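Trainee: Sequence below, structure please.
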Amino acid sequence: MTTDSSSRPAPLAERLYARRDVLRGGAFGLGAVALGGTLAGCGGGTTPSTSTTSAGAVRKGGTMTVGFIGNGTSETVNPQQAVAIIDGARGFALFDPFVRFLPDQSLGFVLAESMEPNSTATAWTMHLRRGVEWHDGSPFVAEDAIFTLRFYGLPTSTVPLASSIIDLKNMKALDSHTVHIPLHSANADLPNFLQQILVVKNGETKYSHPIGTGPFKFVSFTPGQRSVFARNPHYWQTGKPYLDELKFVSIPDQTARLNALLGGQIDAMESLDYAQARQYENSSRLKLLRANGANYVPIYMATTLEPFTDVRVRQAMRLIANRPQLIQEAQLGNGQIGNDLFGQGHPGFDTSLPQREQDIGQAKSLLKAAGKSGLTVTLYSSTVAAGMLESATVFASEASKAGVTVKVQNVPASTYFGPDYLKQNFAQSLWFAYDSVLSQMARSVAPHAPFNETHWNDAAWTKLWYQTLATVDDAKRTQLSHELQSILWNQGGYMYWGDFPLIDGLSPKVQGVAADSGGPLGAGDFQDWWLSA
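Mentor: Next up, the predicted model:
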């Protein structure tokens, strides 16, 4: 049995976790955001009924165990420092966001009920949901929201908020559930930038026993091994969650995760590889959860590290990639060809740029002009995502045709996004389809980006970036965004050769999971999960 999201609208561009454009209108302007409550995708104090499914009436209770790749001892329950997929999953079990993108890629307001800007988009007003309690029984109020935004503005944050966007010092509560948010410079896209923010309790800093407003309460956590959460009986979404207990276990080995699922030790698993998915496509032993969208395992080149300081070398490497072959051999035909820009298929994505194709002769010429003929370089890769290591191997084979020797270094999945992440000159990454084009830029290439894998820092591009954010007019904003993309297409350090579907495995008894291109296993909507008898 396969659950397929291909009929849903094309995703707008981490979740790394893990990205979208305007709130559904296809432009970058203020119009949709200013409507405030009309975009409240998560409802009021109650949620739409999900009392029946193809499996029958919802069954409450039970314990569900989920197997993730994990990230070793680097795992965390501090949402501000989340990097690995399992970190993000823990965050969505324990905490709620201000806003989040729903499976149909629309923006849903969660702990924020609405947001509206002033006429110049230099300040925003956020209206918070009432009647929400923290796990300790205290009420969620404006001071919690202010503390959260300042907390994510600390240098340790992995979210592109920081003090460069919001004037954190001068935020203020207008009343117990309304917050005034001034900005350092105009930003007409602020709600999209906030979708990475999980709301934390005023004063919380240690996270030895985190308290959230989410569907589950903290019980225990051992990094690299196991997390245990219990049902929050006072969750603001009436009647949810359905499970009594939720457990996450870290199982880095792909085969071991699958065997644990087939053997009944876990009920769901992150990421089947393509061969496994093909083998169990019509199996009664498990269900496949397939979400199509702009998810990538790109190759990236650090623009400040040799040999990639020379733009000609970066251009040559992109011309080496045989994109159709990478899709066919690394992903067994799953996915679609990419064009070296994130956000493919999203509103605001520049489709006017020509599709880059393999040109070995031109690649050789560029390398010769740069004095890099016969180049040898190490490409860091891993099995952290399906098709990642395979694509590195395919690329290395093609590179030899241009006289380039690529040595593929297979780094263990459990440590791939550990201390050495962001230090390599030539490596692969993993991005999910839950950002807009601009918010993806904010996470990866813009000033203060927390995941600046390519070490991108170009003065002209940066000036244009701030101009784009400050532009309220929809058409002009889109035009400027295209200019940003054109510069990255020509000079940047990413090789987005193609996208891939997310394919996870579920026990036949797992219900309530909706395929979501924003991340594995339904992108963290654990409040909706339940177990049939």
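Trainee: C-alpha only now, for contacts and for neighbours.
Mentor: OK.
Trainee: tell me the SS of the nearest residue to S391 once chain neighbours are set aside?
Mentor: Spatial nearest neighbour of S391, excluding adjacent residues (Cα to Cα, 6 or more residues apart in numbering): A330 at 4.9 Å. Using DSSP: H, G, I helix; E, B strand; the rest coil, the structure places A330 in helix.
Trainee: Neighbours of A330, how many?
Mentor: Neighbours of A330 under the rule other Cα atoms under 10 Å: 21.
Trainee: 57 is where my numbering starts, stick with that
Mentor: Sounds good: first residue 57 from here, last item A386.
Trainee: Next one: it relative to A441, how far apart?
Mentor: Using Cα to Cα, to the nearest Å, A386 is found at 11 Å from A441.
Trainee: ditto for I393
Mentor: Distance from I393 to A441, by Cα to Cα: 17 Å.
Trainee: And P271, by the same measure?
Mentor: 28 Å.
Trainee: neighbour-wise, which of those two wins?
Mentor: More neighbours surround P271 than the other of P271 and A441, with 28 against 22 (other Cα under 10 Å).
Trainee: That one and Y291 touch, don't they?
Mentor: Yes: the criterion here is Cα atoms under 8 Å, and P271 meets it with Y291 at 5.7 Å.
Trainee: tell me, what's touching those two both at once?
Mentor: Counting by Cα atoms under 8 Å, 6 or more residues apart in numbering, the contacts common to P271 and Y291 are P297.
Trainee: Start from the N-terminal end of the stretch 207-356 of the chain and give the helices.
Mentor: 218-221, 246-249, 310-318, 330-335 (DSSP state H, counting those that start in this stretch).
Trainee: just those: most buried one?
Mentor: Mean neighbour count (mean count of other Cα atoms under 10 Å) peaks for helix 246-249 among these, with a mean of 24.
Trainee: Need the residues that contact the helix ranked longest in the chain.
Mentor: If you go by DSSP state H, the chain has its longest helix at helix 530-547. Applying Cα under 8 Å, 6+ apart, the contact partners of helix 530-547 are 83-86, 367, 370-371, 396-397, 404-406, 409, 494, 517, 520-521, 523-525, 527.
Trainee: For that helix, output the C-alpha coordinates as CSV.
Mentor: Output in CSV follows, covering the C-alpha atoms of helix 530-547 (Å, rounded to 0.1, in the frame of the first residue of the first chain):
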residue,chain,number,x,y,z
ASP,A,530,4.5,41.8,-5.6
ALA,A,531,5.7,42.0,-9.2
LYS,A,532,8.9,43.9,-8.3
ARG,A,533,9.6,41.5,-5.4
THR,A,534,9.4,38.5,-7.7
GLN,A,535,11.6,40.2,-10.3
LEU,A,536,14.3,40.9,-7.6
SER,A,537,14.0,37.3,-6.4
HIS,A,538,14.7,36.1,-9.9
GLU,A,539,17.8,38.3,-10.0
LEU,A,540,19.0,36.7,-6.8
GLN,A,541,18.5,33.3,-8.3
SER,A,542,20.2,34.2,-11.5
ILE,A,543,23.4,35.2,-9.6
LEU,A,544,23.4,32.0,-7.7
TRP,A,545,22.7,29.9,-10.8
ASN,A,546,25.8,31.5,-12.5
GLN,A,547,28.2,31.9,-9.6
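Trainee: I'd like the mean pLDDT over that helix, please.
Mentor: Helix 530-547 carries an average pLDDT of 95.
Trainee: Which strands and helices lie in contact with whatever helix or strand comes next after it?
Mentor: Under the assignment DSSP states H and E, the closest C-terminal helix or strand after helix 530-547 is strand 550-551. For strand 550-551, the elements it packs on are strand 355-357, judged by 3 or more Cα pairs under 8 Å, 6 or more residues apart in numbering; DSSP states H and E.
Trainee: quick one: strands adjacent to the strand it packs on?
Mentor: strand 482-484 (antiparallel), strand 550-551 (antiparallel) (DSSP bridges).
Trainee: As JSON lines, those strands with distance to P506, mean neighbour count and mean pLDDT would be great.
Mentor: What follows is these, written out as JSON lines (distance: least, Cα to Cα, whole Å; neighbours: other Cα atoms under 10 Å; pLDDT from 0 to 100):
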{"stretch": "strand 482-484", "distance to P506": "16", "mean neighbour count": "24", "mean pLDDT": "98"}
{"stretch": "strand 550-551", "distance to P506": "16", "mean neighbour count": "26", "mean pLDDT": "98"}
